[in-house]
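K.L.:
need a structure here:
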Amino acid sequence: MFDALGDETRLSLLSTLCTGERYSIAQLTHRTTLTRQAVTKHLRVLERARIVKGTRSGRESLFQFNPEPIHEMQEYLDSVSRQWDMALGRLKAFVERDTE
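P.N.:
Alright, predicted model coming up:
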């Protein structure tokens, strides 16, 4: 997921998709210098990371933001952060006890 989010172009696409609307590739390339092929490539990376969902509507593919993987990652990182806080607290207590 971090690899998918580590690209400026993909972050730009996500900022558009975060409105909750579904967008076609043509809409996402409008007012950019990107080709449809480039946008499609970036959307596929986001789709593999489950951050974007693509659906077919007639001849068009429509894409929308899927926040669930971001929420899952946030919960995981919060858990790791709590574990580090506890470990550092134990280390601090040990060091302070040892210096007295």
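K.L.:
Which secondary structure element is home to Val77?
P.N.:
Actually, residue 77 is Leu. It isn't Val. helix 68-99 (DSSP states H and E).
K.L.:
From the contact counts, what lies against that helix?
P.N.:
In terms of contacts (3 or more CB pairs under 8 Å, 6 or more residues apart in numbering; DSSP states H and E), helix 68-99 is not packed against any helix or strand. In short, each C-beta sits where N, CA and C put it, glycine included.
K.L.:
Give me the average confidence score over that helix.
P.N.:
Mean pLDDT, helix 68-99: 90.
K.L.:
buried stuff in that helix?
P.N.:
Of the residues in helix 68-99, Ile70 count as buried by neighbour count, 16 or more other CB atoms under 10 Å.
K.L.:
Make residue 1 into 20 and carry on from there
P.N.:
In the new numbering, first residue 20, that becomes helix 87-118.
K.L.:
What residue spans form the domains of this protein?
P.N.:
The record's domain split for the chain, according to automatic domain parsing, is 20-85, 86-119.
K.L.:
Find me the pLDDT at the nearest residue to Pro88 once chain neighbours are set aside, would you?
P.N.:
Leaving aside its sequence neighbours, Pro88 sits nearest to Arg69 (CB to CB, 6 or more residues apart in numbering; 4.6 Å). Arg69 carries a pLDDT score of 95 in this model.
K.L.:
Likewise for Asp26?
P.N.:
The model's pLDDT for Asp26 equals 90.
K.L.:
what's the burial count for it?
P.N.:
When neighbours are defined as other CB atoms under 10 Å, Asp26 has 14 of them.
K.L.:
Contact partners for it?
P.N.:
His61, Val64 (CB atoms under 8 Å, 6 or more residues apart in numbering).
K.L.:
now do Val58
P.N.:
Leu32, Ile44, Leu47, Thr48, Thr51.
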